[in-house]
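Student: Just a sequence and a predicted model for now, questions to come.
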Amino acid sequence: MCCVICWRAAASTAWAVLLLGPITAALVILGRFSLFHPIQTISECLSLLTSASAVFSLILLCGVILMIGFLNLEYYTVIPTIACSKIALLGQLLHPRQLVNSAVHCVMGIVVAWCCAITIGGRYETLGYTCPQSDGDSSSQMCLNEYHLILLLAGAFVGLSYSLLGVIHNMNYISFHTVQQYKYLRFKGALPLVVKCSATQALYSIRNFIVVYFFLGYIPKILCLYMNKQTIAGLLDLSLVYHLWISASFLLFTWHITLVLFRIFVTELYSFPVQSSFTEDAHQCLAKVLNEKQPMILKFLALQDLALLSQHSPSRRCQVFSLSQPGGHPHNWNAISKECLSMLTDLTQRLVAYHDTVATNGRAKSLSTGSERKTSSETSVTSGTEDLMSPRPTLLMKTPASVFARSVVGTPRTPLTAPFTPDLDSPFASPALRRLTAPVEQCSPWFGTVQSPHVKNFLAKRVLIMYLFNKLPEASSQALFADSQAHIWALEGLSYLVQASFSEDQFGVVQTALPSILSCMLVLQEAVDRHFKLPHASSKPVRSTGSMGDSTHKTLRFALRATLKTAIYRITTTFGDHLNAIQMSAEHRKRLQQFLEYKE
Amino acid sequence: MCSLALFPPPLPSGQTTLCESNNELLSGTTTEDQLKQESSPLSLYFPRESLKLHSRTESSSKAAFLDHSETLWMRSAAAWRDGGLTGLLNEITTSHTEVPKWLSMSSGCILALLQKVSSFHGSLFPHLTLSSEDMIAEFSQVLNWSDCVVRAFAWHPHTDKFAVALLDDSIKIYNPKSATTPTLKHRLQRSVAAVQWKPLCASALAVACQNCLLVWHVDPCSLSTRPSSGCAQVLSHPGHSPVTSIAWSPSGSLLVSASPMDTAMMVWDVASESCVPLQRVGGGGVSFLSWSPDGSHVLASTPSALFRVWETRMWTCERWPCVKGRCQSGCWSPDGSRLLFTVQGEMVIYALTFTDTPAGVPTSTSQGPQAAAVVADLSETTFNTPDGDIIVGGEIQSLAWDSTGERLAVLLKGDPHAADRPAIIAVFKTRTSPIFELLPCGFVQGERGAEPRLMQFHPSFQHGALLTVCWSSGRITHVPFYFLSAGVPHCGLSGSPSLPRPQTVPADFANQSLFTELMS
């Protein structure tokens, strides 16, 4: 089943490679454009496009795109990693896996910049040039072409910042759209945003690069003399800035296009068979895929398919409600409803435990009580992390800095305190950081909300430490709901199936599960309501515009709350007073009555 | 096919339509009627004088302050913030004494060029030159919106509560089961064009405003009469204003909004406040939206002679060019298989039939019809009444179909300047299965001098259909149509009231049928 994802990634990369041609042509025209010689520009461009160096650089660029596509496939995740403090974010940035990513992007940036230098041509074309000796000697010597060097360094810088910003903005997070559209239309819709983002981000990157070069440009200068760009006047060369910007935009645009295509292809609806007539295809069935933990993306695709089939497709719903041929058991429905309910129950438990921790303010409970409260997910946390595909493979793992997942496999940890604590056992790259965190680690309840006044005062003076360790508001709330897209689909799928069962379920297979579905939803509703009464839980995140990062995960909790209410209403409106015949506790009945009277 | 000739003549002046019972519309005189209205808790009256209208002549408080000389930079920044590029260019051009001559000259040239381009664009799509209030009035489903006391009205889809948007930009929520009447006011809630309750939710109310879209969350159990503006989510997208039409998906998950200024229709995920623009060139904007009750299609009409029908699984659309004018209004049959619509400048109702693909073909879109059929002709008809001749008919302002699919209300524009051509609501009896049929029912009229402005059917009325009409006088009345729905199983006879005496459509109406599918 994994090959589905691989094929989709390959197709998206292939499209990105195909699009490279027109984009490069645009770069040639923009890079060589001369206002006063338009005809000469065109003829130059045409001759360049057919030259051998252009073909070679195009091949090189294809290689870069393939590499970027591979990195996308390697680093993507459907459950975002949410850093709960600055130090956790720093940890993410300095994680070896991320360092490899940054280094590769850096090299790719240099390669793209070299190709840009070739295509723009002129003074950027070669690294060295022959310059006459100053003392009038007729013999010439090789000098370093600073324009070329600046372009290459800018490429490296932009590549690095792309990688780092990717971590900060959760660029590797793939969100699923609520509105289904064909791939071409989605791509067309995303294109203006990609152009805008690439251009603005390139502008900022180049600005930062120029500042960095202005201050740190002496390092290459030591290596060779003949550089003059470290003066302000040297850097205020408008044509140089324009070419830097154009090549940075080109770099970012091609990479963003690859990313966008990857997202569009991977999140495309995949239709799993509900029932398979052959045993060798049984592992592809919806219920089977739903119950599997790995890889996460397949589970998400299966849930998406479930939500859509329950809403739109009567024939496939009919298969869900059907009975097995020998035996007459509703295996499909049982497997689907069991998995959905267990996911919802997990979320409820997580919310209740979090609420307890916050409500008691951590005072009464020491760490040892915290570790007793391990949920059943503990085993899955440790078992699931070997996977290469996604850095956050398990549903219940909420470690904020889970890029460390692989390094902490052995360490037992409480999943409940995880949202608050940055990962301290993880191998930070610098020993200085380790030293920095060492005193704090000893009194690690400090990371919760327990703060001994002595320790607090001591640390309050160290502004940097406070800055690094202060919990970001609402981040822990976001982390709790990081995988809630799955719960949203589970709720939608269940409620639509129950609604359809009112008229379509011939054998009454849903009826038996109705009390447990309702009570599960009502308990979750209560937990969600309580969670939203916590400070910061209901505060809206600042909407970030003009970034390629996906901020859907920041609002997942609101989406879950709305979906949950709608799901309960969907069932109560369909069944109406028939629900009074269902066995349930008095408290749940009271709550259900509120829904029946439209008072929630 | 002159349909209105088959209608019973309009009531003499002073008589008011009360209800339909036993297949005929009952009427009463005004005094009787008023007594009845006072007894009903949901009949409301908003006299124009009672509303405190704020003067809306100035958009900013600039004029109240003395002129204060700022530096050119500050003024340019302010102009950029307030008026965008045009504002900035204008500022530079007007302050030609302070800027270099070449700059003021070139900005003046660019400004002139921009104006040329925009006037050319405006000549292609004349509605773009309208002010936003005029635009709302032009495309609203409400007759004569700018002069209307009740600007928008919405029944809750599941309970007996409704929201009323008034001329003073406030929204009131009435619920017969609750003593409190929450009044919703918000800084951004101006020129409300439409309101709609979210299905499968008790509290969420979407409001289409001049500059944005508001989604109020009004807790039905709260005792507060003035919910704070923190209860409202503000949804806005650059270029997407004024919003003239909104529609919730029947499953309650999505909200679509339309603006005649924006060629893209927005599909909102309200909880996460994110939107997906569905851009289609052509038409110059989107003016009216209607989501089919089964959730499978959305009608989106444009200001040009073109409308689109979107299917909602993969969000692809069919283009339907009209011959004469834009699609003014439309409504769906309860099963979503049939769309009735009217075109500006024509006096007929068209129907489109959508048949679902056979079940089991998951990917293909539903196959649409080839051409629209005319189902009713509402051209002008003269009736002789004791008060003189009355001409009824003409262009159609809006259509409403009740949730059982048995009554269709048509709001006819009339002519405001001619006394004998009043705006009037014509009600048809309809049947959708086994074949589509249209039969005359009668006219709904209000008290003397009041013309209908806005109408809506109650989405979940137990004993038939309930038509709510907002009148130009500021009165809101409810006209029940008592009948036994053919589609709903009749159980619980003890609960039905004694008054209706339900009876099925008698056979003698069949020969008066205006339209059946057998004819075409």
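Tutor: That came through fine.
Student: so where's the stretch 201-350 of chain A uncertain?
Tutor: For the stretch 201-350 of chain A, the stretches with pLDDT under 70 are A:219-236.
Student: Assign the residue of it found nearest chain B to helix, strand or coil.
Tutor: The nearest approach of the stretch 201-350 of chain A to chain B comes at A:Ser315, 4.2 Å away (C-beta to the nearest C-beta). Yep, even glycine has a C-beta here, placed from its N, CA and C like the rest. Following DSSP: H, G, I helix; E, B strand; the rest coil, we place A:Ser315 in the helix state.
Student: That one: neighbour count?
Tutor: 13 (other C-beta atoms under 10 Å in any protein chain shown).
Student: Repeat that for B:Pro182.
Tutor: By other C-beta under 10 Å, 22 other residues sit near B:Pro182.
Student: Now do the same contact list for it.
Tutor: If you count contacts by C-beta atoms under 8 Å, 6 or more residues apart in numbering or on different chains, B:Pro182 has them with B:172-173, B:218, B:222, B:224-227.
Student: most surrounded residue in the residues you listed?
Tutor: B:Ile173 (24 neighbours).
Student: need the contact list for it.
Tutor: Taking C-beta under 8 Å, 6+ apart as the test, what B:Ile173 contacts is B:161-164, B:181-184, B:205, B:218.
Student: Could you measure from the closest residue to B:Ser337 other than its chain neighbours over to B:Gly405?
Tutor: Once flanking residues are discounted, B:Ser337 sits nearest to B:Phe354: 5.5 Å by C-beta to C-beta, 6 or more residues apart in numbering or on different chains. To B:Gly405, B:Phe354 is 15 Å away according to C-beta to C-beta, to the nearest Å.
Student: Am I right that B:Trp268 sits in a strand?
Tutor: Yes. The assignment for B:Trp268, made by three-state DSSP, places it in a strand.
Student: my guess is it contacts B:Leu214, does it?
Tutor: No. Counting by C-beta atoms under 8 Å, B:Trp268 does not reach B:Leu214; the two are 11.8 Å apart.
Student: Which neighbours do the two have in common?
Tutor: B:Leu235.
Student: all strands of chain A, in order?
Tutor: A:128-132, A:140-144 (DSSP state E).
Student: Specify the stretch among these that is closest to chain B.
Tutor: Closest of those to chain B is strand A:128-132, at 38.8 Å (criterion: C-beta to the nearest C-beta).
Student: Show me where the chain dips below the pLDDT cut-off.
Tutor: With no chain named, the answer covers chain A. Within chain A, the ranges that satisfy pLDDT under 70 run A:1, A:35, A:132-141, A:219-236, A:361-461, A:544-546.
Student: should've been chain B
Tutor: By pLDDT under 70, the low-scoring segments of chain B are B:1-2, B:30-41, B:54-69, B:356-369, B:486-514, B:517-520.
Student: contacting residues around the one residue sitting closest to the centre of it?
Tutor: Most central in chain B under C-alpha atoms, centre = their mean is B:Gln141, positioned 3.7 Å from the mean C-alpha point. Applying C-beta under 8 Å, 6+ apart to B:Gln141 gives the contacts B:194, B:245, B:288, B:329, B:397-398, B:454.
Student: Closest one of those residues to chain A?
Tutor: After measuring the contacts of B:Gln141 against chain A - C-beta to the nearest C-beta - the closest member comes out as B:Ser245, at 18.3 Å.
Student: Show me what the closest one is bridged to.
Tutor: Listed by DSSP bridges, the beta-bridge partners for B:Ser245 are B:Ala258.
Student: contacting residues for it?
Tutor: B:Ser245 neighbours (C-beta under 8 Å, 6+ apart): B:139, B:141, B:193-194, B:208, B:257-258, B:286-289.
Student: just checking, which of the contacts of B:Ile173 belong to strands?
Tutor: Counting by DSSP E, those place B:162-164, B:183-184, B:205 in strands.
Student: so which pair among the residues you listed is furthest apart in space?
Tutor: B:Phe162 and B:Thr183 (13.9 Å; C-beta to C-beta).
Student: can you put the ones in strands among the contacts of B:Ile173 in TSV and add neighbour count and distance to B:Gln370?
Tutor: Conversion of the ones in strands among the contacts of B:Ile173 to TSV gives the following (neighbours: other C-beta atoms under 10 Å in any protein chain shown; distance: C-beta to C-beta, whole Å):
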residue	neighbour count	distance to B:Gln370
B:Phe162	23	39
B:Ala163	25	40
B:Val164	24	42
B:Thr183	14	50
B:Leu184	25	45
B:Leu205	23	39
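Student: now, which of these lie close to chain A?
Tutor: Here nothing survives when the ones in strands among the contacts of B:Ile173 are matched to chain A using C-beta under 8 Å from any C-beta of the partner chain.
Student: Kindly check the end-to-end length of stretch B:466-483 for me.
Tutor: End-to-end distance of stretch B:466-483: 11 Å, with C-alpha to C-alpha, to the nearest Å as the criterion.
Student: no no, stretch B:294-304
Tutor: End-to-end distance for stretch B:294-304, by C-alpha to C-alpha: 27 Å.
Student: hang on, the earlier thing: need the strands of chain A in a markdown table with mean neighbour count, can you?
Tutor: Below are these laid out as a markdown table (neighbours: other C-beta atoms under 10 Å in any protein chain shown):
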| stretch | mean neighbour count |
| --- | --- |
| strand A:128-132 | 13 |
| strand A:140-144 | 13 |
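Student: Tabulate the ones you listed (a markdown table), appending distance to chain B.
Tutor: Formatted as a markdown table, the strands of chain A follow (distance: least, C-beta to the nearest C-beta, whole Å):
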| stretch | distance to chain B |
| --- | --- |
| strand A:128-132 | 39 |
| strand A:140-144 | 41 |
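Student: okay, those strands in JSON lines with distance to A:Asn170 next?
Tutor: Output for the strands of chain A, formatted as JSON lines (distance: least, C-beta to C-beta, whole Å):
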{"stretch": "strand A:128-132", "distance to A:Asn170": "42"}
{"stretch": "strand A:140-144", "distance to A:Asn170": "40"}
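Student: Give the buried residues for stretch A:592-599.
Tutor: In terms of neighbour count (16 or more other C-beta atoms under 10 Å in any protein chain shown), stretch A:592-599 has its buried residues at A:592, A:594-596, A:598.
Student: Those also near chain B: which ones?
Tutor: A:Tyr598.
Student: Just put the contacts of B:Gln141 in a markdown table and tack on secondary structure and distance to B:Leu340.
Tutor: As requested, those are exported to a markdown table (DSSP: H, G, I helix; E, B strand; the rest coil; distance: C-beta to C-beta, whole Å):
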| residue | secondary structure | distance to B:Leu340 |
| --- | --- | --- |
| B:Ala194 | strand | 19 |
| B:Ser245 | strand | 17 |
| B:Phe288 | strand | 13 |
| B:Ser329 | strand | 9 |
| B:Gln397 | strand | 14 |
| B:Ser398 | strand | 11 |
| B:Leu454 | strand | 18 |
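Student: which one among those residues gets closest to A:Cys285?
Tutor: Nearest to A:Cys285, judged by C-beta to C-beta, of the contacts of B:Gln141 is B:Ser245 at 43.0 Å.
Student: count of neighbours near the residue of the stretch 401-520 of chain B found nearest chain A?
Tutor: Per C-beta to the nearest C-beta, B:Ser460 is where the stretch 401-520 of chain B lies closest to chain A, at 9.7 Å. B:Ser460 sits with 14 neighbouring residues when counted by other C-beta under 10 Å.
Student: just A:Thr77 next, same as before
Tutor: 20.
Student: what's the spacing between it and A:Gln485?
Tutor: 12 Å.
Student: try B:Arg448
Tutor: Computed as C-beta to C-beta, the B:Arg448 to A:Gln485 distance reads 59 Å.
Student: More neighbours: the two, which one.
Tutor: Set side by side, B:Arg448 and A:Gln485 give different neighbour counts by other C-beta under 10 Å, the larger being at A:Gln485 (24 against 11).
Student: in terms of contact, does B:Gly108 touch B:Thr93 like I think?
Tutor: Yes. Between B:Gly108 and B:Thr93 there is a contact under C-beta under 8 Å: 4.5 Å.
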